[in-house]
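**Q** no sequence for this one, just the structure:
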């Protein structure tokens with residue numbers, strides 16, 4: 001069914017006030033590229049039809065007296081998964097699966113977990129201290145952030161769902177960047193771990209239970225009284241730790257979480273001291289909880305590589321060997337400014353193409369068009385989604 005035939009059905013049914021449950025649409029995928037692209041488009045249309053849809057019509061008369069009409073059909077459907085099962089050449093066994101979410105909390109997570117994902121997401125991880133501190137405290141905070149980064153990367157390597165690296169060091173001015181040949185990061189995602197003061201983002205850490213009894217503190221005070229130089233200690237410091245995941249191309253935050261923590265009481269010495277074991281234990285718990293949440297949120301979120309360059313029917317995307325991209329992989333190239341929200345509009349086919357990977361290296365791959373509109377608009381937010 002084409003988008004042109006869907007339009008009058010939408011207008012007569014007044015789908016602007018109808019909310020339908022999310023569903024998964026499965027269709028056989030032909031091997032011929034043009035028919036395969038049409039099957040993918042129809043699968044998206046079916047998924048959009050099963051979600052809340054709005055029809056907006058505007059009309060105006062220009063200075064010459066000519067009447068203009070514009071109808072926009074938008075769907076609240078968000079594609080949570082785009083997969084082809086299985087990876088085989090048998091036309092009868094190739095099916096595409098779109099898991100659509102209409103905003104309901106009852107999403108079929110079993111479907112998402114049951115679909116094997118062969119690609120990994122790439123991200124850079126940076127740390128930042130947003131707390132005002134003196135020289136000694138700053139040293140401790142930097143040491144804590146270094147531990148947070150290394151432990152988070154180690155946990156990610158175990159799950160094998162993310163590839164996390166340190167951000168590239170870029171000189172401040174253009175001359176030094178050209179002189180050193182520094183290349184900015186091009187990975188699809190950017191992560192940031194921050195240490196914030198208490199009360200940030202409305203989160204207030206709760207002071208932990210006192211580990212020492214009042215009688216012990218009284219004895220310690222008497223001992224310090226008879227010492228020439230009593231031991232100086234720094235009071236416990238409450239703080240908030242935040243993890244943010246941003247999409248690099250748009251710099252929009254796509255996931256974020258915070259955790260309240262306490263830096264325990266510590267002696268002030270001139271020598272370097274290791275971080276308190278209790279603090280590191282709490283840090284590991286927070287990092288593991290974040291990994292569990294991230295895996296759950298991104299398990300059904302389709303992987304999308306940004307289009308970096310375009311030349312003569314080919315495109316360069318920011319996904320390479322380390323992410324699992326291989327020569328011969330087919331992907332759906334689409335303009336996110338139109339799809340999937342406006343998949344029900346008649347000209348949605350102009351913003352979608354079927355491409356194949358023709359060359360790949362670490363971090364980058366080149367794709368060419370197999371099927372799609374003859375003249376594709378260069379403007380817009382184009383991404384390549386593997387299936």
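**A** Arrived safely. Bear in mind that the values here come from a model prediction, so they are computed numbers and not experimental data.

**Q** For the rest of this, base every contact and every neighbour count on C-alpha atoms.
**A** Fine.

**Q** Now do the end-to-end distance for stretch 338-348.
**A** 7 Å (C-alpha to C-alpha, to the nearest Å).

**Q** Using neighbour counts, pick out the buried residues of that stretch.
**A** 338, 339, 340, 341, 342, 343, 344, 345, 346, 348 (16 or more other C-alpha atoms under 10 Å).

**Q** same thing with stretch 350-361?
**A** Buried, per 16+ other C-alpha under 10 Å, within stretch 350-361: 350, 351, 352, 353, 354, 355, 356, 357, 359, 360.

**Q** okay, now the domains of the protein?
**A** The chain resolves into domains spanning 3-119+303-386, 121-207+215-298 when parsed by automatic domain parsing.

**Q** and the ones you listed, which one's lowest on average pLDDT?
**A** The minimum mean pLDDT among the domains of the chain belongs to domain 3-119+303-386 (a mean of 67).

**Q** How much space separates residue 318 from residue 177?
**A** Relative to residue 177, and taking C-alpha to C-alpha, residue 318 is found at 21 Å.

**Q** same question, residue 387
**A** From residue 387 over to residue 177 (counting by C-alpha to C-alpha), the distance is 37 Å.

**Q** Comparing those two, which residue is more hemmed in?
**A** Higher neighbour count among residue 387 and residue 177: residue 387, with 21 against 15, using other C-alpha atoms under 10 Å.

**Q** Assess the claim that the more buried one and residue 325 are in contact.
**A** No: with contact defined as C-alpha atoms under 8 Å, residue 387 does not reach residue 325; the gap is 11.2 Å.

**Q** all helices of the stretch 151-300 of the chain, in order?
**A** For the stretch 151-300 of the chain, the helices defined by DSSP state H, counting those that start in this stretch cover 174-180, 214-226, 277-298.

**Q** The last one packs against which elements?
**A** Here helix 277-298 touches helix 135-159, strand 252-263, going by 3 or more C-alpha pairs under 8 Å, 6 or more residues apart in numbering; DSSP states H and E.

**Q** Pull the residues that contact it.
**A** With C-alpha atoms under 8 Å, 6 or more residues apart in numbering as the test, helix 277-298 has contacts from 148, 151, 152, 155, 156, 161, 257, 259, 261, 262, 263, 264.

**Q** If we go by neighbour counts, what in stretch 366-385 is buried?
**A** 366, 367, 368, 369, 370, 371, 372, 382, 383, 384, 385.

**Q** For the strand or helix carrying the third one, which strands pair with it and how are they oriented?
**A** Here residue 368 is covered by strand 364-371, with elements defined by DSSP states H and E. In its sheet, strand 364-371 lies beside strand 314-317 (antiparallel), strand 352-361 (antiparallel), with partners assigned from DSSP bridges.

**Q** Tell me which residues are up against the first one.
**A** It refers to strand 314-317. Contacts of strand 314-317 (C-alpha under 8 Å, 6+ apart): 305-310, 364-369, 383-384.

**Q** Any chance of JSON lines for the residues you listed, columns distance to residue 185?
**A** Shown next, in JSON lines, are the contacts of strand 314-317 (distance: C-alpha to C-alpha, whole Å):
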{"residue": "305", "distance to residue 185": "14"}
{"residue": "306", "distance to residue 185": "13"}
{"residue": "307", "distance to residue 185": "14"}
{"residue": "308", "distance to residue 185": "12"}
{"residue": "309", "distance to residue 185": "15"}
{"residue": "310", "distance to residue 185": "19"}
{"residue": "364", "distance to residue 185": "11"}
{"residue": "365", "distance to residue 185": "15"}
{"residue": "366", "distance to residue 185": "18"}
{"residue": "367", "distance to residue 185": "20"}
{"residue": "368", "distance to residue 185": "24"}
{"residue": "369", "distance to residue 185": "26"}
{"residue": "383", "distance to residue 185": "17"}
{"residue": "384", "distance to residue 185": "18"}
